[in-house]
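Asker: Turn this into a structure:
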Amino acid sequence: MTAQAATDNSTPCNELTVLFDGACPLCRREIGVYQSLIPLQPVQWLDVSKGGEDISAEEQALYMARFHVRQKDGQLLSGAAAFVALWLAMPGWRWLGRFARLPGVTPVLEVMYRGFLHLRPHLQRLLRNTSAKSTS
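Answerer: Next up, the predicted model:
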């Protein structure tokens, strides 16, 4: 899936739904920062690593591979576009969301995000090793 919006079959809801990989220590830390804020609109946080009856194994793999946000209208965004939607809903981050909506900025952010995805497994391993050493 690209950073472009894709229509999801789910029904619209009254809140932004953030689908994140709670098994990823890096992802948990970042989501924790956002969760510590009082959003400018209702936000639901869905840890897709736990699975569940509403998410197929295929959907779970898709959602864990890239960051996703489902907008109020049911539209599913991934990658940089998903971060932009989240930033627009978060106090202190809204300026970044507005900046990212300027022409040409979101595609550059998407290229950067894809580069990060290649580093993510190494960063996860580093964080896990650091956490394991600090608990021993």
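Asker: which SS state does the residue lying closest to V69 once chain neighbours are set aside fall under?
Answerer: In this structure, V69 finds its nearest non-sequential neighbour in A82, 4.0 Å apart by CB to CB, 6 or more residues apart in numbering. All C-beta atoms are positioned from the backbone trio N, CA, C, and that covers glycine. On the three-state scheme (DSSP: H, G, I helix; E, B strand; the rest coil), A82 is labelled helix.
Asker: Distance check, A82 against Q35.
Answerer: The gap separating A82 from Q35 is 16 Å, by CB to CB, to the nearest Å.
Asker: okay, these two: which has more neighbours?
Answerer: Counting neighbours by other CB atoms under 10 Å for A82 and for Q35 shows that A82 has the greater number, 25 against 14.
Asker: helices and strands of this structure: which one bottoms out on pLDDT?
Answerer: Sorting the helices and strands of the chain by mean pLDDT, DSSP states H and E puts strand 6-7 at the bottom, at a mean of 35.
Asker: Check which residues of the strand or helix carrying H122 are buried.
Answerer: Here H122, judged by DSSP states H and E, is contained in helix 105-135. Across helix 105-135, burial judged by 16 or more other CB atoms under 10 Å covers T106, L109, E110, Y113, R120, Q124, L127.
Asker: Relative to H68, how far out is the third one?
Answerer: Remark: distance between E110 and H68 (CB to CB) = 14 Å.
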